[in-house]
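Student: Please find the sequence and the predicted model below.
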Amino acid sequence: MLDQFFKGEVPSIFETTIKRENGKPYPPSQPVTRTYRNEDEFLRTNRATICFCGAFLTFGMAASVIGPTLLELGCVTGRPVNIISWVFFSQGLSALFGSSIGGIMADRYDCSVILLVCVTCIAVCLAIIPVCSIFQLMLAFFALLGVNMGIIDTVANSVLIKIHAKKVAPRLQTLHFFYGIGALLSPVIAEPFLRSACKNGHFESNIFGWTLENSTFTEEFLNNLVYNNVNITQLNFTRVTKVTMVKLNTRPFVQYAYWIVASLQLPVQLGLIYLIFKQRQIRKWSPVMFTGRIVNIAAIPAKSPDDPEGKELSQIFRPIDTQPIKSTFGDIPAKVPIITFLCALLLFFFDGLQGAYAGYLYTYAVKSDVHFKSSHAAYLNSLFWCLFAVGRFISIFLSMVVKPDKMLLTNMIGCFTAMSIMFYFHAYPLSLWIGTCLFGLFMSSVFPSTLAAAELYIEVTGSLTSILIVSSASGEMLLPLLVGKEFIREGPLSFLIVGFIICIFSLVVLFLIRAVARSRLKLTVSELFQVLIGGACHCNSSYKEYFQSEGCEYTQMMPCDVEVVEATADNMKPKTQEPSFDEQTNTINIDLLGTESQ
């Protein structure tokens, strides 16, 4: 009997007890199919991780389908390239908003439900966007698409960090590897549905062949372009050409590419539905243990005559849900905001550099001293994304044996080496091939390694994850604009100069992160603020004495005084009142927790 009990063949007391949910009893004869002790144990399984990675696959496919189909969307709306490019701004700005609210939502609601809703909204947006002939309506749907993409970006990272804590590194690498797979799939799906021209003639030159930018060709002319029979007589030789009909398709087919990408979200939705169903099933049959408050008996105030005993017990044993832990920003350790700020700055630099490099690599290869052909430049761009995906796949296994901070340092050094090769040997085409391969390989795991390193140093909550992702999205919006302006003003070489400078700044920020993490800083934010203000006031008073001795006019840097700061710091210390003896009643009065007892 005992052997069967320990093997799990005999139900425990928790399984045989009638379980209640919302006041409704469940009969003990109902079969129990629970295979996990609690919900957290199920969410740590590979099955749940794959479901979360599926949401990131959706994120990658939605992000990469826009670029190859941009000209087709311009044909659908009748807008030239410089106007239709505003869809990137609409999607990127909305993704910032989605990332900012995603952290708050991850801390308050069920992350699986949030991901399911966002994946469904993305599928609906992808199905509607290619049939929107009104440009403003298309911008609105791109904005909705960006909000859901930003929420997925924050929530998927937050839930893995929350579940796996210090062991999150391999899961984060897997999550971002699925993003790379999605980024590779969408262009492949869209390529067969791209055309060389449309009736509005708004295409620019690209790798797919000649185009009709600002042309006056009409749809009727393109659809009925005919070479008639021609007789040519030269040196008594007659050549008769065959009748040839050349039809250029001006009917858009890009909607089929978007619909295929939207339909591929169905397996992801089914996986998330299974995840939600399994979570609720486990919640139903898992025993709910008692959660109460730990009461310090010494801190209980003395019973007064006018306070009944029932009221005291209700105050002492109040449920923990109605007693939230109140903490302010000044009470948290000073390391938390410092490391969060430095990690956000690092992601701002490197995600911005990733967006700028991927966006301007083709243009640099064609316009710079190496003078690549259009086809070779396209192969170079594809090689970058292929090695980007390969690097994330390799990082899954490396993160199991290498700590996140060391892995991040290796990535930074590799990116700096790659950018140095391309910068110092910019006149040689081989340097661009080698540098692009190395840069894509080492750049791939910077983002997940930074999140894992931050979790290694501090406890990363959903709100902190939101800050990091908003910072990275801001860099991905702003740095490409900077590179584009410098590219036009200073020439193609500025593309590598900006990348080289960003790599140097990123290395400095990384060393600052490691220095702060290894320091023995144990002050809270308020204590650190008091130290800084006290030092500034002391410096202020020292300068005052110096200028007065030199007979110069003195102006205060800060309206404070050292004594005031010291007094403020003394007031922060807890005050304890000495026991007082009352001679009339012969009792000793002691103040406990602000209440006087005898």
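Tutor: Received it, and whenever you're ready, just let me know what you need. Numbers count the residues shown, from 1 in each chain.
Student: Could you double-check that Ile276 lies in contact with Ser112?
Tutor: Yes: between Ile276 and Ser112 there is a contact under C-beta atoms under 8 Å: 4.9 Å. Backbone N, C-alpha and C define where each C-beta goes, glycine included.
Student: These two: which has the busier surroundings?
Tutor: Ser112 (25 against 16; other C-beta atoms under 10 Å).
Student: Which strand or helix spans the more buried one?
Tutor: helix 111-128 (DSSP states H and E).
Student: can you state the direction angle for the following helix or strand past that helix and helix 111-128?
Tutor: Per DSSP H and E, the first helix or strand lying C-terminal to helix 111-128 is helix 135-164. In terms of direction (axes from the mean of the first three to the mean of the last three C-alpha atoms, to 10 degrees), helix 135-164 departs from helix 111-128 by 160 degrees.
Student: Mind listing what's buried along whichever helix or strand comes after helix 135-164?
Tutor: For helix 135-164, the following helix or strand on the C-terminal side (DSSP H and E) is helix 169-190. Using 16 or more other C-beta atoms under 10 Å as the test for burial, helix 169-190 gives 169-187, 189-190.
Student: next one: stretch 251-271
Tutor: 252, 254-255, 257-258, 260-262, 264-265, 268-269, 271.
Student: outside of it, which residues touch it?
Tutor: 50-51, 54-55, 57-58, 61-62, 65, 69, 72-73, 75-76, 116, 119-120, 122-124, 126-127, 129-131, 185-186, 189-190, 192-195, 198 (C-beta atoms under 8 Å, 6 or more residues apart in numbering).
Student: Over to stretch 179-191?
Tutor: By C-beta under 8 Å, 6+ apart, stretch 179-191 touches 56-65, 67-69, 254, 257, 260-261, 264, 385-386, 388-389, 392-393, 444.
Student: among these, which are in helices?
Tutor: 56-64, 254, 257, 260-261, 385-386, 388-389, 392-393 (DSSP state H).
Student: Tell me the buried residues within these.
Tutor: Those of the ones in helices among the contacts of stretch 179-191 that meet the buried threshold are 56-64, 254, 257, 260-261, 385, 388-389, 392, by 16+ other C-beta under 10 Å.
Student: average model confidence for stretch 505-519?
Tutor: In this model, stretch 505-519 carries a mean pLDDT of 89.
Student: follow-up on the earlier one: return a selection command, for use in PyMOL, containing the buried ones of the contacts of stretch 251-271.
Tutor: Selection of buried members from the contacts of stretch 251-271 for PyMOL, criterion 16+ other C-beta under 10 Å:
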select buried, resi 51+54+55+57+58+61+62+65+69+72+73+75+76+116+119+120+122+123+124+126+127+129+130+185+186+189+190+193+194+195+198
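Student: which stretches of the chain have low pLDDT?
Tutor: Applying pLDDT under 70 to the chain flags the ranges 1-36, 81-82, 196-250, 286-331, 374-375, 525, 528-529, 531-598.
Student: could you dump stretch 378-398 to PDB, C-alpha only?
Tutor: Coordinates of each C-alpha in stretch 378-398 appear next as PDB, following Å, rounded to 0.1, in the frame of the first residue of the first chain:
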ATOM      1  CA  ALA A 378      21.000  41.200 -52.300                       C
ATOM      2  CA  TYR A 379      22.900  38.000 -51.600                       C
ATOM      3  CA  LEU A 380      24.900  39.900 -49.000                       C
ATOM      4  CA  ASN A 381      21.700  41.000 -47.300                       C
ATOM      5  CA  SER A 382      20.300  37.500 -47.300                       C
ATOM      6  CA  LEU A 383      23.600  36.200 -45.900                       C
ATOM      7  CA  PHE A 384      23.300  38.600 -43.000                       C
ATOM      8  CA  TRP A 385      19.800  37.300 -42.000                       C
ATOM      9  CA  CYS A 386      20.800  33.700 -42.500                       C
ATOM     10  CA  LEU A 387      23.800  34.000 -40.100                       C
ATOM     11  CA  PHE A 388      21.600  36.000 -37.800                       C
ATOM     12  CA  ALA A 389      19.200  33.000 -37.500                       C
ATOM     13  CA  VAL A 390      22.100  30.500 -37.300                       C
ATOM     14  CA  GLY A 391      23.700  32.600 -34.500                       C
ATOM     15  CA  ARG A 392      20.500  32.400 -32.500                       C
ATOM     16  CA  PHE A 393      20.300  28.700 -33.000                       C
ATOM     17  CA  ILE A 394      23.900  28.200 -31.800                       C
ATOM     18  CA  SER A 395      23.200  30.500 -28.800                       C
ATOM     19  CA  ILE A 396      20.500  28.100 -27.500                       C
ATOM     20  CA  PHE A 397      23.200  25.500 -26.700                       C
ATOM     21  CA  LEU A 398      25.900  27.900 -25.700                       C
END
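Student: Can you dump the C-alpha atoms of stretch 418-436 in CSV for me?
Tutor: Extracted C-alpha coordinates of stretch 418-436, given in CSV (Å, rounded to 0.1, in the frame of the first residue of the first chain):
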residue,chain,number,x,y,z
ALA,A,418,33.6,42.6,-37.4
MET,A,419,32.9,46.4,-37.6
SER,A,420,36.7,47.1,-37.4
ILE,A,421,37.4,44.7,-40.3
MET,A,422,34.8,46.4,-42.5
PHE,A,423,35.9,49.9,-41.5
TYR,A,424,39.7,49.6,-41.8
PHE,A,425,39.5,47.5,-45.0
HIS,A,426,36.5,49.2,-46.5
ALA,A,427,38.1,49.3,-50.0
TYR,A,428,38.2,45.5,-50.3
PRO,A,429,34.9,43.6,-51.1
LEU,A,430,36.1,40.5,-49.2
SER,A,431,36.1,42.5,-46.0
LEU,A,432,32.5,43.3,-46.4
TRP,A,433,31.6,39.6,-46.9
ILE,A,434,33.7,38.5,-43.8
GLY,A,435,32.5,41.4,-41.7
THR,A,436,28.8,40.9,-42.5
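Student: which residues are contacting that stretch?
Tutor: By C-beta under 8 Å, 6+ apart, the residues outside stretch 418-436 that reach it are 361, 365, 368-370, 372, 380, 383-384, 387, 437-439, 442, 493, 496-497, 499-500, 503.
Student: Please apply the same query to stretch 403-417.
Tutor: For stretch 403-417, the external contacting residues (C-beta under 8 Å, 6+ apart) are 169, 350, 395, 398-399, 402, 438-439, 441-443, 445-446, 449-450, 452-453, 455-456, 503-504, 506-507, 510, 514, 517.
Student: tell me the strands in this structure, going along the chain?
Tutor: Ranges of strands in the chain, per DSSP state E, are 20-21, 24-25, 225-227, 231-234, 237-240, 244-246, 580-582, 587-592, 595-597.
Student: For Ser94, give its distance to Gln265.
Tutor: Plainly put, Ser94 is 19 Å away from Gln265 if you go by C-beta to C-beta, to the nearest Å.
Student: Same question for His371.
Tutor: His371 is 42 Å from Gln265, by C-beta to C-beta.
Student: For Ser472, give me its contacts.
Tutor: By C-beta under 8 Å, 6+ apart, the neighbours of Ser472 are 344, 347-348, 350-352, 447.
Student: report the longest helix in the protein, please.
Tutor: With secondary structure taken from DSSP H, the chain has its longest helix at helix 335-367.
Student: That one vs helix 169-190, what angle?
Tutor: 30 degrees.
Student: which parts of helix 335-367 are buried?
Tutor: Buried positions in helix 335-367, judged by neighbour count with 16+ other C-beta under 10 Å: 335-362, 364-367.
Student: Show me what that helix packs onto, helices and strands only.
Tutor: Counting contacts by 3 or more C-beta pairs under 8 Å, 6 or more residues apart in numbering; DSSP states H and E, helix 335-367 is packed against helix 374-398, helix 429-443, helix 446-457, helix 462-490, helix 494-518.
Student: hey, C-alpha coordinates of the shortest one in PDB?
Tutor: So that's helix 446-457. Output in PDB follows, covering the C-alpha atoms of helix 446-457 (Å, rounded to 0.1, in the frame of the first residue of the first chain):
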ATOM      1  CA  VAL A 446      22.900  40.400 -28.000                       C
ATOM      2  CA  PHE A 447      19.200  41.100 -27.100                       C
ATOM      3  CA  PRO A 448      18.400  37.800 -25.300                       C
ATOM      4  CA  SER A 449      21.800  37.800 -23.600                       C
ATOM      5  CA  THR A 450      21.200  41.300 -22.300                       C
ATOM      6  CA  LEU A 451      17.900  40.300 -20.800                       C
ATOM      7  CA  ALA A 452      19.400  37.200 -19.300                       C
ATOM      8  CA  ALA A 453      22.300  39.200 -17.800                       C
ATOM      9  CA  ALA A 454      19.900  41.700 -16.300                       C
ATOM     10  CA  GLU A 455      18.000  38.900 -14.700                       C
ATOM     11  CA  LEU A 456      21.300  37.500 -13.400                       C
ATOM     12  CA  TYR A 457      22.100  40.800 -11.600                       C
END
